[in-house]
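Novice: have a look at this prediction, sequence included:
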Amino acid sequence: MSVTRAGAGYGMKADDEMWDTHLKKVLGQLQMIYHKIILPVEDKYKFDTFRPSWFSETLVQTKPFVTFMGPFSAGKSTFINHLLQSNYLWTGPQPTTDKFTVVMHGDQPQQIGGRILANAPDLPFRGLNSFGDQFLEHLDGYQINHDLLRSVTLIDTPGVLEAAGDIHSRRYDYIKVCRWFVERSDLVFVLFDPTKLDAGVELKMLFKHALKGSESKIRIILNKADSIGGQELMRVYGSLFWNLSNMINATEPPRVFVGSFWDKPYKPGTNHTLFTEEKSDLLYDLTEIVPLQSLDKRVTSVLRRAKEVLVHSLVCGHLKQGLPKVFGKDKAKKEAIANIQKTYQDVQLKFKFITHNDFGNSDEYNNFFEKINLFDLPSYKTFEKEGHVSALKKVIEKDLPDLLQPIKCAATVDPRDRKVAQGMQERYHEGMAQQLAGKQGHQGAIGEMGPSAWRKGVHDTEVGKQLHYDPSTANVSGAVAQPPPSAPPASNPEAAPVQPAPSQPSQPAGDAAPTPDMAKMMEMMKMMQDPKMMAMMQQMQGGGGN
């Protein structure tokens, strides 16, 4: 079976080809920097034993991965089908996905077996061979001709098992495979069904091991939100955050999207306004933000890796430097590891760009030195003499930042030019006068933004115009026109006239203002996503996530 290269035969535009060339050039430079400068230091100081990962494989990946995780029947496959605007993946009320499924671009729809996917030389999946043949039997690929897949690759995953006994039925290490995909993903959606919020053993393991350290990538989706009423939705939302606070060790909670992510009409009596806004924001992130930021994220990931490797090597090198060469070696080694905080301070004093947060915790080093003999590692003097310190500093301070997209800065306005200042003051004064007159300005409530291009796009559709869809509020005030009733057949004039079908009630997709329950829901959503609230819930649960 041949695997079609994404974009091949698609008639790529000149701009696409220019971007593709630039992308491959930058990735090539990142690979050169990593393999020539960073990797040799990793090998000297056993960094992969300190923090195991598959980092080198992430540098051959050209398109960002977007991974979907969560319990069975939370709607992961259905959501992917919704994004691809057709039914490519099996879905159903019972567990249907027992495989990791890679959905990528191709001219013709075709299925690709796991072994082919994991051994294709031009695809970034060869590292999956390390999980063995048992796993490759649970890996599939699909090539689909859809524009979204020209920008991102979608990863569907098996549902998280609820019962502890079921975990042993898996014939591969599910959590480690999830970790492999998370490390390569730019975005990870974790979906929940409002009727299945219990956190089982495997879900806790997923957050503790597979998602740990990647909290910034996580987006939570409370799916099927129109299946419950407004009051119940508020209770479920609170319960979801309570459970998450015990599993996510982060000061700022992840963004939570609330809605029903498929194309069926919303159920009557639910907040269609909220669901439309949430879906618009999510699609904007997926189709614009992720592709735009993907290349810079590759550069910053190498930058972060270079700094982590430098800090690790400096800590180990300084620890080794202070040890005696002959007598009392074992005792001195134990004391040095026990007093590793002092080594942190010494390194920080010598290298001003290193902060306290850059150092690993002492438990990590205790575990590391149980596996690695400190005396087998190079001392700091040897490390510095070989030029590794200066090479890593140059990579961190110059080479990698030069690969980031330049930020265009406007020239500073001459403060002596009073016209600019007076013009700004006039605009501010106009706004103050409007506020005194009780007129609505451009801004909404706290945490709200102006209408996105996505909501304007909904307004510009034929159905949006019929509904009088307001992109500034996501409210509707009209109804979709119903087709006229069919006329009676001309060949039978005595037939009884056809009665028009009763018109369907217009969807209560958001009145001028939300119902009281929905207003409370929106207020609660903002409150729950406050970092202070997350921190308070973590304290109440004993500092969860640790």
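Specialist: Sure, I can see it. Numbers count the residues shown, from 1 in each chain.
Novice: look up the closest residue to residue 156, ignoring the ones flanking it.
Specialist: In space, residue 156 comes closest to residue 101 once its chain neighbours are excluded; the distance is 4.1 Å by CB to CB, 6 or more residues apart in numbering. For the C-beta atoms, the positions are set from N, CA and C on the backbone; glycine is no exception.
Novice: stretch 139-155: which residues count as buried?
Specialist: Neighbour counts over stretch 139-155 (16 or more other CB atoms under 10 Å) mark 139-144, 146, 148-155 as buried.
Novice: that should have said stretch 17-31, apologies.
Specialist: By 16+ other CB under 10 Å, the buried positions in stretch 17-31 come out as 26, 27, 29, 30.
Novice: and the third one, what does it touch?
Specialist: For residue 29, the contacting residues are residue 403, by CB atoms under 8 Å, 6 or more residues apart in numbering.
Novice: and if you look at the second one?
Specialist: If a contact means CB under 8 Å, 6+ apart, then residue 27 has 59, 60, 62, 298 as its contacts.
Novice: and if you look at residue 279?
Specialist: 257, 259, 261.
Novice: repeat that for residue 185.
Specialist: 64, 65, 66, 67, 155, 214, 217.
Novice: let's see 7 Å
Specialist: By CB atoms under 7 Å, 6 or more residues apart in numbering, residue 185 lies in contact with 65, 66, 67, 217.
Novice: what helices or strands is whichever helix or strand the residue nearest to residue 156 is part of leaning on?
Specialist: Per DSSP states H and E, residue 101 falls inside strand 100-105. Contact analysis of strand 100-105 by 3 or more CB pairs under 7 Å, 6 or more residues apart in numbering; DSSP states H and E lists strand 139-144, strand 153-156 as its packing neighbours.
Novice: of all the ones you listed, which lies closest to residue 431?
Specialist: strand 153-156 (43.7 Å; CB to CB).
Novice: quick one: average pLDDT of that closest one?
Specialist: Mean pLDDT, computed over strand 153-156, is 96.
Novice: check stretch 366-384 too.
Specialist: For stretch 366-384, mean pLDDT is 91.
Novice: list the buried ones in that stretch?
Specialist: For stretch 366-384, using 16+ other CB under 10 Å, the buried residues are 368, 369, 372, 374, 377, 378, 379, 380, 383.
Novice: against residue 89, how distant is the residue nearest to residue 156?
Specialist: Distance, residue 101 to residue 89, by CB to CB, to the nearest Å: 7 Å.
Novice: if I look at the closest residue in space to residue 127 that isn't next to it in sequence, how far off is residue 199?
Specialist: Distances taken as CB to CB, 6+ apart place residue 57 nearest to residue 127, at 4.5 Å, with adjacent residues excluded. Distance, residue 57 to residue 199, using CB to CB: 31 Å.
Novice: same question, residue 457
Specialist: Relative to residue 199, residue 457 is positioned 37 Å away (CB to CB).
Novice: distance between the helix or strand harbouring residue 306 and the chain's centre?
Specialist: Per DSSP H and E: residue 306 is located in helix 290-321. The chain centre lies 20 Å from the centre of helix 290-321; the measure is CA atoms, centre = their mean, to the nearest Å.
Novice: in the following helix or strand past that helix, which residues are buried?
Specialist: With elements assigned by DSSP H and E, the helix or strand that comes after helix 290-321 is helix 329-338. For helix 329-338, a neighbour-count test (16+ other CB under 10 Å) marks 333, 336, 337 as buried.
Novice: cool, and stretch 284-298?
Specialist: For stretch 284-298, by 16+ other CB under 10 Å, it's 285, 286, 287, 290, 291, 293, 294, 295, 298.
Novice: dump the residue contacts of the fifth one.
Specialist: With contacts taken as CB under 7 Å, 6+ apart, residue 291 has the following neighbours: 64, 151, 152.
Novice: which one of the residues you listed is nearest residue 187?
Specialist: Ranked by distance to residue 187 (CB to CB), the contacts of residue 291 are led by residue 64 at 7.3 Å.
Novice: by mean pLDDT, point me to the weakest helix or strand of the chain.
Specialist: Ranking every helix and strand in the chain by mean pLDDT, DSSP states H and E puts helix 516-528 at the bottom, with a mean of 60.
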